[in-house]
Every structure is written in structure tokens, then in C-alpha cells.
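> predicted model, plus sequence, below.
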Amino acid sequence: MSKVNAKITGVGGFIPEYILTNEELSRMVDTSDEWIMTRIGIKERHLIKDEGRGTSYLASKAVENLLEKTGVNAEEIDLIVVATISPDHAFPSTAAIVIDAVGLTNAWGFDLSAACSGFLFGIDTAANFIKSGSYKKVILVGADTMSSIVDYTDRTTCPIFGDGAGAVLLEPTEEEFGLLDTDLHVDGVGIDHLYLKGGGSYHPPSHETVDNKEHYIYQDGRTVFKHAVSKMADVSLNMMKRNNIGAKDLTWLIPHQANMRIIESTAHHMGIKKEQVMINIHRYGNTTAATLPLCLWDWEKQLKKGDNIILATFGAGFTWGAGFLKWAYDGE
Ligand code: UT7
């Protein structure tokens, strides 16, 4: 039997309408456009404003966009993996809600939690279902409603995050296209540096957890920054080396969009030019599991069959890693 690879055959996305600008944020907390642009590189972020809408809404919209663009019927989907750390509920899974909302009547699915590395860990997971030979059409969604866990009185975290969702369709191929390599890591070293302290089974919700604002993101930014800079560079460089991709052979780096300085440092260590890097952090902020697929969504038309793409992420846990994609179709 010949080897099967999993290739991306379509991209969908969704960004909520409401835009929170740096100017508006500067009226909410003691910050400025200048500080946010210099230290993070974000100009604006889109947030869900309507009540009663959570991550399943974003994910469903991205999946509908994907199905419409690819012309694939909802009933043809075998499996859906939703990477998120802001699910609608602890249970049932956001995947279950999306399956019902979009009418994926022949699919089963589940949520995958790996914070900012969610899409990368998810694509390896989804690809392995395809490689097993039992699954022909698998959707992977990266979706997060970060506004549901951000404290908009905390200037150290509220400028960073945004809401959004991106989705890809994965299908089998016997050619050398698709996800050809991954290098994924989790160490737990970062648990105390980036997390939700309360609301889970360790600190169940109580008046005390609410009073202490433990349902909002806690981040020790400097520590996370230091680890992110070194891990993203190491893993990306290693991915280039072991796949014999020189700086000139790399068409695109798709880095997690957490901080412009982390992105620039990663590109610098890889010896690549800024023109080879997908960057949309200034428009969406850090959408956690959605950053990578939203880059693919924004750049899809420019992509060409055979493009060499490296995905690189770093996030809470810590989780980090890189992947090598050989793009399978012309975007236009
Ligand atoms: O996606 C998951 C992974 N997350 C990341 O990769 C995030 C990694 N960390 C970062 O991106 C950066 O550490 C931050 C953007 C979170 C913070 O930037 P920084 O350059 O590390 O700032 P800092 O925390 O060292 O703070 C420097 C100063 C402090 O003032 P003092 O103590 O020097 O007087 C902060 O209080 O900047 C102050 N500050 C602000 N000033 C204006 C912090 N936030 C703000 C703000 N506006 N929004």
C-alpha cells in the first residue's frame, strides 16, 4: 500500500464585526496606541459583542464559509476537531454544538485543548485520522472567544487578545503534499505563568474565585515572552534543517500571532525576510487557536501548489512546536 499524506484542500474563516481599537482601549485602561504598537504590534482586534454567542458560533461560521468555498456538502464530513481553550461549555464539546449547528450529520468530533498551539497539535491529530485510511474528509477548526476570559480592567492582558475562527478541510493524497512533518512539545513548565486560576475542577467557581478575578487570563508576560522567543526559533530552525529547506526555499513562515517582537525574532533566527512571514496580528490580535488558520484564510489567494510553509507556535502549558506543509493547490 502506498503512503498516504493529509493535504489541506480548502480554508474558511470568520471574524466578528465589532472592532476594539487601541484608541478605545486607551479610554478603558492606562495605555496608549504607541505602547501597544511598540511592545506588541496590535492596532485592533475583533470581539463578539452579542449576548448568547460563544466559540461554537465563530467555529460554525468558519465551517460554513469553508463548505461554501469548497463546494463540499455537510454530510460528506467524517470528523471535526475543534481546537479551543474557550469552549461554549466545559461539556458538551464545542464540536458537538458545531456538528448540530452546521448539520454535519455523518461526522463525529471532539475538542482539543493546547492553547496557542491548538491548531498545530490539531492538524497533526487530524492528519493521522486521514493517514489511518478510515477518514476521507476531516475538518479542523481553530476557534477562540478570548474576550470571554479577558479582564478589560487589566492593561497587561486586555490589549493582546481577540476573537476569531479559522477552518481547514483535510483530505488524503498519495503525492508528497500536505502535512509532511511535525515537531510538537509540551512540558508543563509554564503552568503558573499563563492560565485561568479558577473555574475548573482544581478551583471550582465560588464567590471567592469571582472576587479574585480568577476566571480571567493570568499571564506573567515577561517569562512567557522569554520562553516563546527561544522555543519558536529553535523548533522552526530545526524544522527547516531536517527537511532540507534553506531560507530561500521557504515560501512562508506562519507564526503564532502573539507579539510582533516574537515573530520578528523567530524570522531573524531562521534567516528569512519579513516578506516570507504571514503577519496579521495588527488586525486581529492574538486569537489563540485561530491565528494560524486565519493567516491561511487571509493569504489563501496568494498560495501556490508546492509552496513550502512552516507553521510555528508557542502557548500556555507550555506547548510549542512546528510543522512543515507542502501546499497542495493554487489559491487563485
Ligand atoms: O499567546 C500565548 C503566548 N503569549 C505570549 O507569547 C505573550 C508573551 N509576552 C508578551 O508578549 C509581552 O511580555 C507583553 C506584551 C505581555 C508585555 O510586554 P513587555 O514588554 O514584556 O512589558 P512588561 O510586562 O515588561 O512591562 C513593561 C512596563 C511595565 O511598567 P514598569 O513596571 O516598567 O513601570 C508595565 O506595567 O510596561 C507596563 N505596561 C503597560 N504600559 C502601557 C504593561 N502593559 C501596559 C500597557 N500600556 N498596556
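Happy to help now that I have it.
> mind listing what's buried along stretch 290-304?
Residues of stretch 290-304 classed as buried by neighbour count (16 or more other CB atoms under 10 Å): 290-300, 303. From N, CA and C alone the C-beta is placed, and that goes for glycine too.
> any chance of those in JSON lines, plus secondary structure?
Shown next, in JSON lines, are those (DSSP: H, G, I helix; E, B strand; the rest coil):
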{"residue": "290", "secondary structure": "helix"}
{"residue": "291", "secondary structure": "helix"}
{"residue": "292", "secondary structure": "helix"}
{"residue": "293", "secondary structure": "helix"}
{"residue": "294", "secondary structure": "helix"}
{"residue": "295", "secondary structure": "helix"}
{"residue": "296", "secondary structure": "helix"}
{"residue": "297", "secondary structure": "helix"}
{"residue": "298", "secondary structure": "helix"}
{"residue": "299", "secondary structure": "helix"}
{"residue": "300", "secondary structure": "helix"}
{"residue": "303", "secondary structure": "coil"}
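> interface residues of the protein facing the ligand?
Contact residues (CB under 6 Å from any ligand atom) of the chain with the ligand: 31, 35, 39-40, 116, 155-156, 159, 221-222, 224-225, 228, 258-259, 262, 286, 314-315.
> and those, which are buried?
Counted by 16+ other CB under 10 Å, these give 31, 39-40, 116, 155, 159, 221, 224-225, 228, 258-259, 262, 286, 314-315 as buried.
> tell me which of the residues you listed fall in helices.
Among these, the ones falling in helices (DSSP state H) are 39, 221, 224-225, 228, 262.
> now flag whichever of those residues is closest to residue 184.
Proximity of those to residue 184 (CB to CB) peaks at residue 228, which lies at 15.5 Å.
> where does that closest one land on pLDDT?
pLDDT for residue 228: 98.
> likewise for residue 1?
pLDDT, read off for residue 1, is 58.
> next: the one 3 residues further on.
The confidence metric pLDDT takes the value 97 at residue 4.
> what's around it, how many residues?
15 (other CB atoms under 10 Å).
> please apply the same query to residue 209.
Other residues near residue 209 come to 17 when the count uses other CB under 10 Å.
> who's in contact with it?
Contact partners of residue 209, counting by CB atoms under 8 Å, 6 or more residues apart in numbering, are 197-199, 203, 215.
> out of the residues you listed, which are buried?
Neighbour-count burial (16+ other CB under 10 Å) applied to those gives 197-199, 215.
> got TSV for those, with pLDDT too?
Formatted as TSV, the buried ones among the contacts of residue 209 follow (pLDDT from 0 to 100):
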residue	pLDDT
197	96
198	96
199	94
215	97
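> strands along the stretch 101-250 of the chain, start to end?
Assigned by DSSP state E, counting those that start in this stretch, the stretch 101-250 of the chain shows strands spanning 108-112, 138-145, 163-173, 178-186, 194-196, 217-219.
> quick one: the helices in this structure?
Using DSSP H, the helices found in the chain span residues 22-28, 33-39, 55-70, 94-102, 118-131, 207-211, 221-242, 260-270, 281-284, 291-299.
> mind checking the ones you listed for the one nearest to residue 193?
Taking CB to CB as the criterion, helix 221-242 is the member of the helices of the chain that comes nearest to residue 193, at 4.7 Å.
> check contacts around the nearest residue to residue 258 once chain neighbours are set aside.
Nearest-residue entry for residue 258: residue 286, 4.9 Å, with adjacent residues in sequence omitted and distances by CB to CB, 6 or more residues apart in numbering. Neighbour list for residue 286: 42, 116, 146, 160-162, 256-259 [criterion: CB under 8 Å, 6+ apart].
> go again using 10 Å as the cut-off
For residue 286, the contact set (CB atoms under 10 Å, 6 or more residues apart in numbering) comprises 40, 42, 45, 116, 144, 146, 157, 159-162, 164, 256-259, 315.
> any idea how far it lies from residue 157?
Plainly put, residue 286 is 10 Å away from residue 157 if you go by CB to CB, to the nearest Å.
> now for these two: what residues contact both?
The contact lists of residue 286 and residue 157 share residue 146, where a contact means CB under 10 Å, 6+ apart.
> for residue 103, phi and psi?
Dihedral angles of residue 103 (phi, psi; degrees, to the nearest 10) stand at phi 80, psi 40.
> could you single out the nearest of the ones in helices among the buried ones among the residues of the chain next to the ligand to the ligand?
The closest of those to the ligand turns out to be residue 221 (CB to the nearest ligand atom; 2.8 Å).
> residues touching the closest residue to that closest one other than its chain neighbours, list them.
Closest residue to residue 221 apart from its sequence neighbours, by CB to CB, 6+ apart: residue 156 at 6.2 Å. The contact partners of residue 156, taken as CB under 10 Å, 6+ apart, are 29, 31, 217-221.
> how much space between the residue nearest in space to the middle of the chain and residue 319?
Centroid-nearest residue in the chain, with CA atoms, centre = their mean: residue 289, separated by 2.6 Å. Distance from residue 289 to residue 319, counting by CB to CB: 11 Å.
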